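Enquirer: Provided below for reference: sequence and predicted model.
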Amino acid sequence: NAGVTQTPKFRILKIGQSMTLQCTQDMNHNYMYWYRQDPGMGLKLIYYSVGAGITDKGEVPNGYNVSRSTTEDFPLRLELAAPSQTSVYFCASSYSAGTGLGNTIYFGEGSWLTVV
Amino acid sequence: QQQVKQSPQSLIVQKGGIPIINCAYENTAFDYFPWYQQFPGKGPALLIAIRPDVSEKKEGRFTISFNKSAKQFSLHIMDSQPGDSATYFCAASRSFDRGSTLGRLYFGRGTQLTVWP
């Protein structure tokens, strides 16, 4: 099983460029998430989606956009990249709200992004 | 504001030792406390989780101890092995956030554990 797949794995962007991080899951999960992980800071929620066509902001949404046109895909768009967006980005999914026993959040392997 | 405070930042033990990672929270509405394990170059994976109606939960060599009155919980790894070397994150959430059906997970900053052979 592929689980949660993210692309690209690594990317270097110049300041002001834009790009899209792709995420797809094959577990038929309703909930999908984007987190960023900075050294020593844990994971911060950027955006999440509870189903196709429904998205909402997390803790740190500024500078990002998302869309959810299908159950499987949840791309993250970075507009006008800034050095502060240098981070590791994780896409994740869960069948339901991932906060109950038995509702596991599954993470992808991450996308390393550097903005120079 | 860090909703979940985790310590220590790093931890080194010898094989067979019992590393202990501690977390504290302020929001008494939190009712779900998972621990995630992350190996280098990989995404976090759920290790073990607990609800506040129990004081301890064991799964294999991993144990969560929960102290509701102190608003603290900890992860113990019995008979630690080099393969346990990873970063561990505690987290907490409410089952439902006000105005949303998503219980948002708040993560600690992580503990990098190294187990020497």
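Expert: Noted; the coordinates are in hand.
Enquirer: give me the below-cutoff pLDDT ranges for chain B.
Expert: For chain B, the stretches with pLDDT under 70 are B:95-103.
Enquirer: the strands in it, which residues?
Expert: B:4-7, B:10-14, B:20-25, B:33-38, B:45-50, B:56-59, B:62-67, B:72-77, B:86-92, B:106-107, B:111-116 (DSSP state E).
Enquirer: contacts for the fifth one next, please.
Expert: By that I understand strand B:45-50. Contact with strand B:45-50 is made by A:101, A:104-107, B:32-38, B:57, B:59, B:62, B:64, B:66, B:73, B:75, B:88, as judged by Cβ atoms under 8 Å, 6 or more residues apart in numbering or on different chains. Bear in mind the C-beta positions are built from the backbone N, C-alpha and C, glycine included.
Enquirer: what does stretch A:12-28 give?
Expert: With Cβ under 8 Å, 6+ apart as the criterion, stretch A:12-28 contacts A:1-8, A:11, A:32, A:34, A:71-83, A:89, A:91, A:93, A:95, A:106, A:108, A:111, A:113-116.
Enquirer: just the buried ones from the residues you listed, in PyMOL syntax?
Expert: Filtering the contacts of stretch A:12-28 down to the buried ones (16 or more other Cβ atoms under 10 Å in any protein chain shown) takes a single PyMOL command:
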select buried, chain A and resi 4+6+11+32+34+71+72+74+75+76+78+81+89+91+93+106+108+111+113+115
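Enquirer: please, where are all the strands along chain A?
Expert: Going by DSSP E, chain A shows strands at A:4-7, A:10-13, A:19-25, A:31-37, A:43-51, A:54-57, A:64-66, A:76-78, A:87-94, A:106-107, A:111-115.
Enquirer: ok, which of the contacts of stretch A:12-28 also contact chain B?
Expert: When contact is defined as Cβ under 8 Å from any Cβ of the partner chain, the contacts of stretch A:12-28 meet chain B at A:4, A:106, A:108.
Enquirer: which one of those residues is nearest to chain B?
Expert: A:Gly108 (5.3 Å; Cβ to the nearest Cβ).
Enquirer: and the gap between the closest one and B:Trp116?
Expert: Noted for A:Gly108: a distance of 31 Å to B:Trp116, by Cβ to Cβ, to the nearest Å.
Enquirer: B:Phe39 now?
Expert: According to Cβ to Cβ, B:Phe39 stands 17 Å off from B:Trp116.
Enquirer: repeat that for B:Glu56.
Expert: B:Glu56 is 27 Å from B:Trp116, by Cβ to Cβ.
Enquirer: kindly report the same for A:Ser18.
Expert: From A:Ser18 to B:Trp116 the distance is 45 Å (Cβ to Cβ).
Enquirer: sorry, back to before: of the strands of chain B, which is nearest A:Gly58?
Expert: Closest to A:Gly58 of the strands of chain B is strand B:106-107 (Cβ to Cβ; 10.7 Å).
Enquirer: so, in contact with chain A or not, the closest one?
Expert: Yes. Applying Cβ under 8 Å from any Cβ, one finds strand B:106-107 in contact with chain A at B:Phe107.
Enquirer: helices and strands around that strand, which ones?
Expert: strand B:86-92 (3 or more Cβ pairs under 8 Å, 6 or more residues apart in numbering or on different chains; DSSP states H and E).
Enquirer: angle of the strand it packs on against strand B:62-67?
Expert: Between the axes of strand B:86-92 and strand B:62-67, defined by axes from the mean of the first three to the mean of the last three Cα atoms, to 10 degrees, the angle is 30 degrees.
Enquirer: and strand B:86-92, which strands flank it?
Expert: strand B:33-38 (antiparallel), strand B:106-107 (antiparallel), strand B:111-116 (antiparallel) (DSSP bridges).
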